[in-house]
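Q: sequence first, then the predicted structure, then my questions.
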Amino acid sequence: MAINWFKYSAPSSFYPLAGKMVPVFMTLAIVLTLGGLYWGFFQTPEVLSDQKQYYKIIYVHVSSAWMAMWLYVVMVAWAVLGLIFNTRVSYMMASATAVTGGIMTAISLWTGAFWGQTSWGTWWDWDPRMTTQLILLFLYIGYLALQSSIEDTRRSDRASAVLAMVGLAIVPVIYYSINCPNPNECASLHQESSLERVESNILIGMLVTTLGFWMYCFTVILMRVRNIILRRESHTSWVARLEEMQ
Amino acid sequence: MFKSFLTLLKRDLMLALRRKSDVFTVLFFFVIVISIFPLGVGFEADTLRKIAPGVVWVAALLASTLALERIFANDFADGTLEQMLMTPQPLSVLVFAKVIAHWLLTGLPLVLIAPLAGLQYHLSLPTIGTLMLVLLIGTPVLSMIGAIGAALTLGLRGGGVLISLLVLPLYIPVLVYGAGAISASMQGDVPLQAYYLLLSAFLLLALVFAPWATAAALRISVE
């Protein structure tokens, strides 16, 4: 059987598919996020080593930070697909992802500031992870700024795709340089993840909330891409025939 | 191929030397930014020495982004760029020539004027040497990365500010190690080789990949 891999690369067939997927992902997002937060708030210890209840912001904080980083990769992947196959829907997905990614980055910085204020007594610290996250936000903003300042859609799609790829190529270097500003001392660097040492209930809450956030990202990205499709394809006859356009 | 590289390099240099004010605006921007910092933070020699690496590098970053728009803008406006895209020569080689010319006109002057900044900030002679060396290795990287941004924003409204927005985050590694080397050289016995090697690695990577990415960006912008 021959599979038509490009069936859903046409906006006219992707639009209804996305419409069908939105409610599914939305349900999953609500169930998982609420479940994860419930587990995190009520089934975990009140005090985590030296931190009191305020550590429970971790569920929102870590989930959004993970999503922020993951969505950048997703965005670049869509942009690359667009450059390779010249499919318009890929570019639309990339730009829809960028907005959500930027919002997730902002959420993680915001919740991190609150956590830092209660835990370390400061809103901001030039800690490598925080700095990387801030720069990630700048990269998202740059991508969106470039895209919105070019009026020709085709050029804006492809130009911002190139920018996203260049950004992804330089991100590891930026991450390394922030982690290790003094190259003579890099051997003693310890920024490893502490995931293995976390109590299992907290971990469950965190992972389930992250899944919920992920589903939420699916939902809003698909909703946004549907809007983008409508806006860009408003001159076509299939859009004119849509029920919601009547 | 090499001949077209040289021809374009010569042409760009000659064009710029016929209108020297462009070169000097960038240079004086750098000097002025460096000179007004002490007026804001105070004249204490210790403070100045401490902030010098960061100030010099941020001034270089800003001066570099200011000049970026001009790499392709004039050629784009009078149609030369379109002709270049149509020549049988590989576009990345032509881009490379243009970026090298741009660096010779805007980056190299910063390296040469840097000792002045060193004196203003009470740096010792060896530190001034380090300052010049890291600027010499680092500023071409800035021009290389910046050219991608310039190509992407070609002919856009408010292109200048937009370039800074796109390019400044990508300059961070150069800033960190460039400024780090200068700070380390003030402490005397810290080995600097690692800084030089890292900056040279950035330079090599930028030399290989940036012209290629810039060429791709130009094709997108001028089609």
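A: Nice, thanks for sending it over.

Q: around chain A, which positions in chain B sit nearby?
A: Residues of chain B found near chain A (Cβ under 8 Å from any Cβ of the partner chain) are B:145, B:148-149, B:152-153, B:156-158, B:162, B:165-166, B:168-170, B:172-173, B:176-177, B:180, B:184, B:190-191, B:194-195, B:197-198, B:202, B:209, B:213, B:216-217, B:220-221, B:223. All C-beta spots, glycine's among them, are computed from the backbone N, C-alpha and C.

Q: hmm, 6 Å instead?
A: Taking Cβ under 6 Å from any Cβ of the partner chain as the contact definition, chain B meets chain A at B:148, B:152, B:156, B:162, B:165-166, B:169-170, B:172-173, B:176, B:180, B:194, B:198, B:213, B:216-217, B:220.

Q: give me the residue from chain A nearest chain B.
A: Proximity of chain A to chain B (Cβ to the nearest Cβ) peaks at A:Pro183, 3.7 Å away.

Q: what sits against that residue?
A: When contacts are counted by Cβ atoms under 6 Å, 6 or more residues apart in numbering or on different chains, A:Pro183 is found next to B:194, B:198.

Q: now do 8 Å
A: Applying Cβ atoms under 8 Å, 6 or more residues apart in numbering or on different chains to A:Pro183 gives the contacts B:177, B:180, B:194-195, B:197-198.

Q: per-residue pLDDT of it, please?
A: On pLDDT, A:Pro183 comes in at 76.

Q: buried ones only from the contacts of A:Pro183, please, as a ChimeraX command.
A: To isolate the buried ones among these in ChimeraX, judged by 16 or more other Cβ atoms under 10 Å in any protein chain shown, type:
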select /B:177,180,194,195,198
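
Q: from the contacts of A:Pro183, which land in helices?
A: Under the assignment DSSP state H, these contribute B:177, B:180, B:194-195, B:197-198 to helices.

Q: max pairwise distance over those residues: which two?
A: Greatest spatial distance in the ones in helices among the contacts of A:Pro183: B:Gly180 and B:Leu197, 12.7 Å, computed using Cβ to Cβ.

Q: chain B contacts on chain A?
A: By Cβ under 8 Å from any Cβ, the part of chain A that sits against chain B consists of A:135, A:138-139, A:141-142, A:145-146, A:149-150, A:155, A:158-159, A:162-163, A:165-167, A:169-170, A:173-174, A:176-178, A:181-184.

Q: can you list which of the residues you listed are found in helices?
A: Judged by DSSP H, these include A:135, A:138-139, A:141-142, A:145-146, A:149, A:155, A:158-159, A:162-163, A:165-167, A:169-170, A:173-174, A:176-178 as members of helices.

Q: which of the residues you listed are buried?
A: Neighbour-count burial (16+ other Cβ under 10 Å) applied to those gives A:135, A:138-139, A:141-142, A:145-146, A:149, A:155, A:158-159, A:162-163, A:165-167, A:170, A:173-174, A:176-178.

Q: can you report how many residues lie near A:Phe114?
A: Neighbour count of A:Phe114, defined by other Cβ atoms under 10 Å in any protein chain shown: 14.

Q: list the contacts of the residue in chain B that chain A sits nearest to.
A: Using Cβ to the nearest Cβ, the single residue of chain B nearest to chain A is B:Ala194, 3.7 Å away. Neighbouring residues of B:Ala194 by Cβ under 8 Å, 6+ apart: A:183-184.

Q: hmm, B:Ser164 and B:Thr153 touching each other?
A: No: using Cβ atoms under 8 Å, B:Thr153 is not in contact with B:Ser164, being 10.1 Å away.

Q: all helices of the chain, in order?
A: All of this refers to chain A. Listed from the start of the chain, chain A has helices (DSSP H) covering A:11-42, A:58-85, A:88-119, A:128-149, A:153-179, A:200-232, A:237-241.

Q: wait, chain B
A: Per DSSP H, chain B carries helices over the ranges B:2-18, B:21-41, B:45-68, B:70-77, B:80-86, B:91-106, B:108-120, B:125-152, B:159-167, B:172-186, B:193-221.

Q: which among these is found nearest to A:Tyr8?
A: Nearest of those to A:Tyr8, taken as Cβ to Cβ: helix B:193-221 at 25.2 Å.

Q: and the closest one with helix A:58-85, angle?
A: 50 degrees (axes from the mean of the first three to the mean of the last three Cα atoms, to 10 degrees).

Q: averaged pLDDT, helix B:193-221. What do you get?
A: The pLDDT scores in helix B:193-221 average 92.

Q: list the buried residues of it.
A: The neighbour-count check on helix B:193-221 (16+ other Cβ under 10 Å) flags B:194-196, B:198-199, B:202-203, B:206, B:209-211, B:213-218, B:220-221 as buried.

Q: what's the angle from that helix to helix B:91-106?
A: Interaxial angle of helix B:193-221 relative to helix B:91-106 (the same axes, to 10 degrees): 120 degrees.

Q: tell me the angle of helix B:193-221 relative to helix B:70-77?
A: Inter-element angle recorded for helix B:193-221 and helix B:70-77: 10 degrees (by the same axes, to 10 degrees).

Q: so which bits of stretch A:235-245 are buried?
A: Neighbour-count burial for stretch A:235-245, counted by 16+ other Cβ under 10 Å, picks out A:Val239.

Q: and what of stretch B:90-103?
A: Neighbour-count burial for stretch B:90-103, counted by 16+ other Cβ under 10 Å, picks out B:91-103.

Q: give the contact list for the nearest residue to B:Gly54 once chain neighbours are set aside.
A: The shortest distance from B:Gly54 to any non-neighbouring residue, by Cβ to Cβ, 6 or more residues apart in numbering or on different chains, is to B:Ala179 (5.2 Å). B:Ala179 makes contacts with B:53-54, B:56-57, as judged by Cβ under 8 Å, 6+ apart.

Q: can you put those residues in a markdown table and add neighbour count, distance to A:Met67 and pLDDT?
A: Listed next are these as a markdown table, based on neighbours: other Cβ atoms under 10 Å in any protein chain shown; distance: Cβ to Cβ, whole Å; pLDDT from 0 to 100:
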| residue | neighbour count | distance to A:Met67 | pLDDT |
| --- | --- | --- | --- |
| B:Pro53 | 25 | 36 | 92 |
| B:Gly54 | 16 | 33 | 92 |
| B:Val56 | 27 | 38 | 94 |
| B:Trp57 | 26 | 33 | 94 |
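
Q: for those, work out which two are farthest apart.
A: Within those, B:Gly54 and B:Val56 form the most distant pair, 7.5 Å apart (Cβ to Cβ).
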